[in-house]
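# for reference, the sequence and a predicted model appear below.
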Amino acid sequence: METIDRAMYLQKDEELQEEWAKHLKPYGVKLPKKNSQSRIALLVLFVNINKAMDIDEIKKIVEYLIGTTLEGGDPCQVRHFSTQRGFNIIKEGKKFKLVSMEDPFPGFIKDKRSTKLTDELWEKLKEEYDNMCLNCGSKHGEPMRWDKTKNTVLQQGHMDPRKPLAYDNCIPQCSFCNQQYKSKAIFNKRGFVIDYCKTGFYRNERIMDSVGEGAAVLAAMRATADNIPLGAAGTWQAV
Ligand SMILES: [Zn+2]
């Protein structure tokens, strides 16, 4: 560890910030705060660009640079750098490799809530749900259940707000229910809440992503809730 050059790291941090501002900031990639553990871990990957770094090795260098020992296997949240922050980092077992500072992580979407289904898919999905709000049962074009002064206009809600809107992640919701849940709930396809975070899932940095070990827990949880067959159209009721 004596070989770690602090001055070099400090200098490289400026370069990291410049590269990020030039290439990645426009995509909405989030740079960890200067001097934070995460920033230093990212810096370690940047200094070793295109080299697969073991998570324990990254941790050791960060500990050396900040002069403190850290708890846990991934105290700097390196596993969230790609899918959540948008850095082009690939993971192989316990190793992480920063591939490029010129392009974001493939498939990274700045605002996961901004995408929409095509008209065709949206019509198909609404039909699948009998043109009703998944949560309260308000029917499209008819008075809303909880505000009868307004007619229901179904909106494209997220089944899992941490993931992009896609056919298998979309649910029809009336504006009342969509507003009520925002990004706080993860639903199954019947509209049952299978996980809840009152501050909202999208903004919660600690939420497990598709790379982290938490994904397995979430997948198991979803499988349990989702394995109840939806049944023939019209035989089930929205709740
Ligand atoms: Zn509703």
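Arrived safely. Numbers count the residues shown, from 1 in each chain.
# would you mind listing what in the protein touches the ion?
Listed as neighbours of the ion in the chain under the rule Cβ under 5 Å from the ion: 133, 135-136, 138, 174, 177. Bear in mind the C-beta positions are built from the backbone N, C-alpha and C, glycine included.
# and the residue nearest the centre of the protein?
The chain has Arg162 as the residue nearest its centroid, 3.8 Å off, counting by Cα atoms, centre = their mean.
# now do the SS call for that residue.
Classification of Arg162 by DSSP: H, G, I helix; E, B strand; the rest coil places it in coil.
# hmm, it is touching Phe201, no?
Yes. The pair Arg162 and Phe201 passes the contact test of Cβ atoms under 8 Å, sitting 5.0 Å apart.
# coming back round to it: distance-wise, check the residue nearest to the centre of the chain relative to the ion.
For Arg162, the distance to the ion equals 22 Å [Cβ to the ion, to the nearest Å].
# how near is that residue to Val78?
As for Arg162, its distance to Val78 is 18 Å (criterion: Cβ to Cβ, to the nearest Å).
# repeat for Glu14
21 Å.
# just Asp160 next, same as before
Taking Cβ to Cβ, one finds Asp160 at 23 Å from Val78.
# ok, which stretches of this protein are strands?
Along the chain, the stretches classed as strands by DSSP state E are 53-54, 88-92, 95-100, 155-158, 170-173, 185-187, 193-196.
# of all the ones you listed, which gets the most neighbours per residue?
strand 170-173 (a mean of 26; mean count of other Cβ atoms under 10 Å).
# that concludes my questions; thank you for your assistance.
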